[in-house]
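sequence-free structure coming up:
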């Protein structure tokens, strides 16, 4: 038996204004697109390293729930992360 372990080459970031809906069906949530990323994330780092990314959500949102998952170069997708929520104060 042969195993091939690939590193993440990108992330799929999903967001929703309904946390319950996001947890139950994350692929139905909105996808964070490249034009929503402020600056550059530089792509995924090695395991255990800290990463930062800034996302500019639509200005109409006051609250958002977010989940992400890693994607490798063969488009294999990992499990979604725990949900993170944030509130935007105007």
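Good, I have the coordinates. Predicted model only: the values in this text are computed from it and were never measured.

end-to-end on stretch 17-29?
9 Å (Cα to Cα, to the nearest Å).

what helices or strands is the helix or strand bottoming out on mean pLDDT in the chain leaning on?
Ranked by mean pLDDT, DSSP states H and E, the weakest helix or strand in the chain is strand 37-38, scoring a mean of 89. Secondary-structure packing of strand 37-38 (3 or more Cβ pairs under 8 Å, 6 or more residues apart in numbering; DSSP states H and E): strand 54-55. C-betas here are computed from N, CA, C, even on glycine.

The strand it packs on - which strands sit beside it in the sheet, and in what orientation?
Strand 54-55 pairs in its sheet with strand 37-38 (antiparallel), by DSSP bridges.

Now do the partner strand: distance to the chain's middle.
13 Å (Cα atoms, centre = their mean, to the nearest Å).

so where's the protein shaky on pLDDT?
1-6, 40-42, 90 (pLDDT under 70).

quick revisit: list the contacts of the least confident helix or strand of the chain.
Applying Cβ atoms under 8 Å, 6 or more residues apart in numbering, the contact partners of strand 37-38 are 53-56.

Just the residues contacting stretch 12-30, thanks.
Applying Cβ under 8 Å, 6+ apart, the set of residues contacting stretch 12-30 is 31-32, 53, 55, 57, 61, 63-71, 77, 80, 83, 85.

ok, now stretch 67-76?
With contacts defined as Cβ under 8 Å, 6+ apart, stretch 67-76 is touched by 6-15, 22-23, 26, 29, 44, 77-84.

Mark which of those residues are part of strands, please.
Among the contacts of stretch 67-76, the residues falling in strands (DSSP state E) are 8-15, 84.

Please spell out the PyMOL selection for the buried subset of these.
Selection of buried members from the ones in strands among the contacts of stretch 67-76 for PyMOL, criterion 16 or more other Cβ atoms under 10 Å:
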select buried, resi 8+11+12+13+14+15
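
Can you tell me which residue sits nearest the middle of the protein?
residue 13 (2.2 Å; Cα atoms, centre = their mean).

So what pairs up with it in the strands?
With DSSP bridges as the rule, residue 13 is bridged to residue 68.

got the residue ranges for the helices in this protein?
19-24 (DSSP state H).
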